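S.K.: With the sequence up front, the predicted model follows.
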Amino acid sequence: MIDAVILRRQVEAQGICSFELAAADGTALPPFEPGAHIDVHLDGGLVRQYSLCPLPEFAGRYLIGVLREPGSRGGSVAMHALQAGDGLRIGAPRNHFPLAAGARRSLLFAGGIGITPLLAMAEHLAVRGQVFTLHYCVRSSAHMAFGDRIRDGAIGRNARLHVDDGDAAQKLDLDQALGQPEPATHLYVCGPAGFMDWVLAGARALGWPEAQLHKEYFAAPASADAPEGAFELRLARSGRTLQVPVGMRVIDVLADAGIDVPVSCEQGVCGTCLTRVIDGIPDHRDVFLTEEERSRNDCFTPCCSRALSPQLVVDL
Ligand code: FES
């Protein structure tokens, strides 16, 4: 955990503010790779993940972009209430969305606030003279964060800006932008779940291999209509057996039994609660694990995932 202070708060677009963060003790914040995020710890025990953007002129400081979400569970509203000079606690950078090594070409698709990790990636690729295209889709030009930095900076030539309410000629033609999959071409997508699912479905329909698709969700897609059965949770280390009823999360059942599993996002995005599964078949409802990791059935995220088998044996 790092004590940080907000040096600058700036409105970047409709509903989006950026925050420039520095260490409270004046030391440099840890370096990070493009695609990395930090946990931000807010009052009331709220923890939220925000992708990092570099501040080229200030190594050792972070820039995060925060969308004030209409359906906020409290995090983005609390963030937007913060001002320059306020302190907050942050975690060290973690990266679940790194650039692939050895890529010959990169396609970056950003929807709305999903621009933050992709902006970091695009600038990193531009500095290294790599081949890439950034497609940035927003509802209107008023919703476009970091527009000047994109248009006027080193990535301007490689950026395609698409505005929903603009003329038809500038709208994203997904099939054309994707093209046929080629070896060593990697796709990265971040934004609202519907946008991401659209881009990924388009790529899969054109035959893009999963290994060349990289994604970062901000929130797990709602799984409200997924069937939700009760099941038994056996804790291998203590030999205890707990019942997980319909409508109750595994982490809550564990907490009631006095077993603390560390959590952060509580929606299957960050992987903090990842727990080893010894037997049984998890019902994976997270967006953290890859398809290959899911199919191994050897771990699950108890903050949101459940069980498909009547019993799940976990390493707790
Ligand atoms: Fe983030 Fe479970 S707490 S995935």
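M.R.: Thanks, I have it.
S.K.: how about stretch 137-154 as CSV, C-alpha atoms only?
M.R.: Extracted in CSV, the C-alpha atoms of stretch 137-154 (Å, rounded to 0.1, in the frame of the first residue of the first chain):
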residue,chain,number,x,y,z
CYS,A,137,-14.9,5.0,-30.2
VAL,A,138,-17.0,7.4,-28.1
ARG,A,139,-20.7,8.4,-28.0
SER,A,140,-20.0,12.1,-29.0
SER,A,141,-17.0,14.4,-29.2
ALA,A,142,-18.0,15.7,-25.7
HIS,A,143,-17.3,12.2,-24.3
MET,A,144,-13.8,12.0,-25.8
ALA,A,145,-11.1,12.1,-23.1
PHE,A,146,-7.5,12.8,-24.0
GLY,A,147,-8.6,13.9,-27.5
ASP,A,148,-5.9,16.6,-27.9
ARG,A,149,-3.1,14.3,-26.5
ILE,A,150,-4.1,11.7,-29.1
ARG,A,151,-4.6,14.0,-32.1
ASP,A,152,-1.5,16.2,-31.5
GLY,A,153,0.9,13.7,-30.0
ALA,A,154,3.1,11.0,-31.3
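S.K.: how about it: buried residues?
M.R.: In terms of neighbour count (16 or more other C-beta atoms under 10 Å), stretch 137-154 has its buried residues at Cys137, Val138, His143, Met144, Ala145, Phe146, Gly147, Arg149, Ile150, Gly153. No exception for glycine: its C-beta is placed from N, CA and C like everyone else's.
S.K.: Could you pull up the residues touching Glu228?
M.R.: Contact analysis of Glu228 by C-beta atoms under 8 Å, 6 or more residues apart in numbering lists Val246, Gly247, Arg306.
S.K.: Would you mind listing where the stretch 151-300 of the chain has pLDDT under the threshold?
M.R.: 219-227 (pLDDT under 70).
S.K.: Which parts of it are strands?
M.R.: Under the criterion DSSP state E, counting those that start in this stretch, strands of the stretch 151-300 of the chain are mapped to 159-163, 185-191, 213-217, 231-235, 241-244, 275-279, 282-283, 299-300.
S.K.: Ile259 versus Val11, what's the distance?
M.R.: Val11 is 43 Å from Ile259, where distance means C-beta to C-beta, to the nearest Å.
S.K.: just Gly268 next, same as before
M.R.: 19 Å.
S.K.: Give me the more crowded residue out of these two.
M.R.: Comparing Gly268 with Ile259 by other C-beta atoms under 10 Å, the one with more neighbours is Gly268, at 24 against 17.
S.K.: out of everything not next to it in sequence, what's closest to the more buried one?
M.R.: Counting by C-beta to C-beta, 6 or more residues apart in numbering, Gly268 lies nearest to Asp286, which is 2.9 Å off, once chain neighbours are set aside.
S.K.: so Arg89 bridges to which residues?
M.R.: Asp3, His41 (DSSP bridges).
S.K.: Quick one: residues contacting it.
M.R.: Arg89 neighbours (C-beta under 8 Å, 6+ apart): Met1, Ile2, Asp3, Ala4, Val40, His41.
S.K.: What subset of those is buried?
M.R.: Here, 16+ other C-beta under 10 Å leaves Ile2, Ala4, Val40, His41 buried among the contacts of Arg89.
S.K.: Could you dump those residues into a markdown table and include distance to Asp315 and pLDDT?
M.R.: Formatted as a markdown table, these follow (distance: C-beta to C-beta, whole Å; pLDDT from 0 to 100):
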| residue | distance to Asp315 | pLDDT |
| --- | --- | --- |
| Ile2 | 30 | 94 |
| Ala4 | 34 | 96 |
| Val40 | 29 | 91 |
| His41 | 27 | 88 |
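S.K.: just to revisit the earlier point, which member of the buried residues of stretch 137-154 is positioned nearest Val263?
M.R.: Closest to Val263 out of the buried residues of stretch 137-154 is Ala145 (28.8 Å), distances taken as C-beta to C-beta.
S.K.: That closest one touches Ile16, doesn't it?
M.R.: Yes. Using C-beta atoms under 8 Å, Ala145 is in contact with Ile16, at 4.5 Å.
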